[in-house]
Structure formats: C-alpha cells, structure tokens
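S.K.: need a structure here:
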Amino acid sequence: MKDKIIEKLSNLFKDDIIEVSEFRGELTIVVKKEKIVDICKFLKEEPELSFDYLVDICGVDYYREKDRFAVVYNLWSLKNKFRLRLKVYVDESEPVVPSVTSVWSAANWHERETFDMFGIKFSGHPDLRRIYMPEDFEYYPLRKDFPLQGIPGSIPLPGQEKVKIQRG
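M.R.: Numbering: from 1, shown residues only. From the prediction side, this is the model:
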C-alpha cells in the first residue's frame, strides 16, 4: 500500500512532495502547504486509496527560525485499513494553511482547535474562531514560548476569585 500511495502521489504531485519517510511502519509525507487541499482531495477520492476518514489535525511547534510550525493530518483508509500522515510546514511570520473542510467536514473542529492553541490560521475555513480560549485572548497556549504558569492577569483562573465571607 505504501508504494502505491507514493507512486500515485509522485505521478500527480511530483513537485509538491517535499519528503517521504517511514518510521515504525507508518508513512509520513511532507507536502507544500499550497497543495494540501488538492492532495487531500485526491487521497480521499482515488478509489484505490480511499482515505475517507480524517482522524485528526494537530499543530506542532518546533520553535525554530524557519518553518517553526507544522500542521499534521492523520488519515485512515477504512477500505485498505491503512494509516497515512501528511505534514505541512508554516513560518511564524505567515502561519496560514488552506482549510481542508471542503474535503472532510470533520476538519472544521480540528482546524479551530489548532488555530486556538497555536495561532495557525486556515484560509477558507467557514467559521474560524476560538474554542477553548476567549475570543479576545491574544496568546496561544501550546506554543513553546507560552509561559508554563500562564500569563498573570490575562484571564481569571478558577479558585482565584475573591470570596466574600459573611459573618453574622
């Protein structure tokens, strides 16, 4: 199955594949972010491959100068019982990736979560807003430069409210 995926992608998207690697039997393909929607659509609609299940989308912060962030797409083919990982890199200066919600509607929530936690935006997303953090929160908690103790005074935390004790 691995060879078939690599062969088909290489034939159609030869110039858009950056790296192919295998670790412990799992295939990872790094692609150009501009082509992520086309590649995902092909992987889903190609009858021999049929990656019909988007398991997860997540962000990674490598905390480096170039290509600081990665967006990782974990795909599953129910027909072939095969897992595939796609990855795109984005710079901190322009953390924008095309949305794959047109391919899998399940991407909606995953992309919102990645935006909320890492600040990676998904162009073309139908409703890109925060899930966990308040809309006006200007930080991204899963970035490596976010302080472990949080940012004092940025949002009220449970247990820090002032309790008024009535004596009587």
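S.K.: Can you list the residue ranges for strands in the chain?
M.R.: 17-23, 26-31, 53-61, 69-77, 82-90, 96-98, 121-123 (DSSP state E).
S.K.: Please tell me how far Pro126 sits from Met117.
M.R.: Per CB to CB, to the nearest Å, Pro126 is found 19 Å from Met117. (Glycine included, C-beta is placed from N, CA and C.)
S.K.: of the two, who's got more company?
M.R.: Neighbour totals were compared for Pro126 and Met117, and Met117 leads with 20 against 11 (other CB atoms under 10 Å).
S.K.: Pretty sure that one sits against Pro141.
M.R.: Yes. Using CB atoms under 8 Å, Met117 is in contact with Pro141, at 5.8 Å.
S.K.: wait, Glu22 sits on Thr28?
M.R.: Yes. Assessed by CB under 8 Å, Glu22 is found in contact with Thr28 at 7.3 Å.
S.K.: And the pLDDT at the nearest residue to Leu54 once chain neighbours are set aside?
M.R.: Of all residues not flanking Leu54 in the chain, Trp104 sits nearest, at 3.9 Å (CB to CB, 6 or more residues apart in numbering). pLDDT for Trp104: 98.
S.K.: Val30 now?
M.R.: So, for Val30, pLDDT stands at 98.
S.K.: now the one 3 residues further on
M.R.: Note for Lys33: predicted pLDDT of 97.
S.K.: can you start the count at 26 instead of 1 from here on
M.R.: Done: numbering now begins at 26, and the last item shifts to Lys58.
S.K.: neighbours of it, just the number please.
M.R.: 21.
S.K.: swap in Tyr165?
M.R.: 20.
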